[in-house]
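Participant: Generate coordinates for the sequence data below:
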Amino acid sequence: MKKTKWILGIGLLTVAGFFLVAADHIDAPAVQGGSSDITDFYAFQGENTNNIVFAANVMGLLSPTATADAMFDENVLIEFNIDNTGDNVEDLVIQAIPRDGKMYFFGPASPGTTGLSSAILTNNMLGSVDISAYGSAAMTNSNNGAMMFAGPRDDPFFMDFAQYSEIIAGNASGFNDPGSDTFAGTNVLSVVVEVPKSSVGGSGTINTWVETKRKQ
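Facilitator: Okay, the predicted model is just below:
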């Protein structure tokens, strides 16, 4: 089996039980740019309380016009990392990679290598889903106890970035009520996968983070 090496582009590390939110907007595109830029990472209990949902957003600040032409980069792997032993090293990963209008998911499974490089877990395919087009109904797919989605979404993160900048600069002591959502009217490309908790370590606390890795 041929193994392709993938090198870390940008990642957001955070620790959670079964609820998590992390975000990185505006500054990251200026640093890393392009299709590997992560804007948000969410992990939360599913509507089915036996499940956990992982959601990663990339390519932030897309205008409606830009969203219509935006595509997932086939050279960028999105990898959800799961540490269920508390040593901050991934024990399991869920991988997502786009090909020809579909998003393919692999895992949860032990990675071949940990850290900055990865190989696609081709022997642990979870399933695939058609990538939803902008302005169309969301397409989802269920397979092997998992649910999957990939496509454009309205940016879910709310932030009054201008007021935040004033606070950091010492020109204001707090946020306005009401505030102004800097990200209103912009979109992201989302990858969402829901899996049974039992497949990632049961109902206890896990550490989880997401990375994008570019093919080398």
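
Participant: In the protein, which helix is the longest?
Facilitator: Determined from DSSP state H, the single longest helix within the chain is helix 161-168.

Participant: ok, and what's touching that helix?
Facilitator: Residues outside helix 161-168 that contact it (Cβ atoms under 8 Å, 6 or more residues apart in numbering): 25-26, 172-176, 179-180, 182-183. C-beta: built from backbone N, CA, C; applies to glycine.

Participant: From these, which land in helices?
Facilitator: Among the contacts of helix 161-168, no member falls in helices (DSSP H).

Participant: For the residues you listed, give me a markdown table that also has distance to Pro98 and pLDDT.
Facilitator: Below are the contacts of helix 161-168 laid out as a markdown table (distance: Cβ to Cβ, whole Å; pLDDT from 0 to 100):
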| residue | distance to Pro98 | pLDDT |
| --- | --- | --- |
| His25 | 22 | 57 |
| Ile26 | 25 | 54 |
| Ala172 | 42 | 94 |
| Ser173 | 45 | 94 |
| Gly174 | 42 | 94 |
| Phe175 | 37 | 93 |
| Asn176 | 40 | 92 |
| Gly179 | 35 | 90 |
| Ser180 | 34 | 91 |
| Thr182 | 28 | 87 |
| Phe183 | 24 | 86 |
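
Participant: got TSV for these, with neighbour count and distance to Val210 too?
Facilitator: Formatted as TSV, the contacts of helix 161-168 follow (neighbours: other Cβ atoms under 10 Å; distance: Cβ to Cβ, whole Å):
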residue	neighbour count	distance to Val210
His25	20	15
Ile26	14	19
Ala172	14	32
Ser173	7	34
Gly174	8	31
Phe175	14	27
Asn176	11	32
Gly179	14	27
Ser180	13	28
Thr182	20	22
Phe183	21	19
